[in-house]
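[1] here is a sequence together with a model predicted from it:
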Amino acid sequence: QVQLVESGGGLVEAGGSLRLSCAASKTIFSTNAMGWYRQAPGKQRELVAHITNSGVTNYSDSVKGRFTISRDSAENTVYLQMNSLKAEDTAVYYCNVGVAYSGTYYSTDYWGQGTQVTVSS
């Protein structure tokens, strides 16, 4: 059974930082790419970053230079370090198990429960 458990969201002032965590079952984590998505009210869910099982990363233009995705194989956890946060980063953030091919991430139906990030301006 695939389990993804997210944590680390909260309320932060603009310019601040947060780190999100997503703990996954070992089998899933070691053989798949992982992605972080976000969904703001009234908007579609969007991919913000993904990381392959070999550690190659990719970011959306909206977060490039501010967010960093990483993975810890010993902890079966993927992280999203978010710096220089802006009000427009406010959203529910979800992690996902997927496949990455030639720089493109393909999501699956396995999602975490989501964690709220609110950035006050």
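    It's in. Residues are numbered from 1 along each chain as shown.

[2] where does the prediction get shaky in this structure?
    Along the chain, no part satisfies pLDDT under 70.

[3] any idea how far the residue lying closest to residue 118 once chain neighbours are set aside is from residue 69?
    Of all residues not flanking residue 118 in the chain, residue 11 sits nearest, at 4.7 Å (Cβ to Cβ, 6 or more residues apart in numbering). For glycine as for every other residue, the C-beta is placed from the backbone atoms N, C-alpha and C. Note on residue 11: its distance to residue 69, by Cβ to Cβ, to the nearest Å, is 22 Å.

[4] what about the two, which has more around it?
    Legend: neighbour count by other Cβ atoms under 10 Å for residue 11 and residue 69, higher for residue 69 (23 against 12).

[5] and the top strand by length along the chain, which strands flank it?
    Using DSSP state E, we find that the single longest strand of the chain is strand 91-101. Taking DSSP bridges as the criterion, strand 91-101 pairs within the sheet with strand 33-39 (antiparallel), strand 104-111 (antiparallel), strand 115-120 (antiparallel).

[6] winner for burial among the ones you listed?
    strand 33-39 (a mean of 24; mean count of other Cβ atoms under 10 Å).

[7] quick one: contacts of that one?
    Residues outside strand 33-39 that contact it (Cβ atoms under 8 Å, 6 or more residues apart in numbering) are 20, 22, 24, 45-53, 69, 71, 78, 80, 89, 91-100, 105, 107, 114, 117.

[8] kindly report the same for stretch 78-90.
    Contacts of stretch 78-90 (Cβ under 8 Å, 6+ apart): 12, 14-22, 24, 29, 34, 36, 38, 40, 48-49, 51, 62-63, 66-72, 93, 95, 117-121.

[9] selecting buried members of the residues you listed in PyMOL, what would you type?
    Here is the PyMOL command that selects only those of the contacts of stretch 78-90 that count as buried (16 or more other Cβ atoms under 10 Å):
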select buried, resi 12+18+20+21+22+24+29+34+36+38+48+49+51+63+67+68+69+71+93+95+117+119
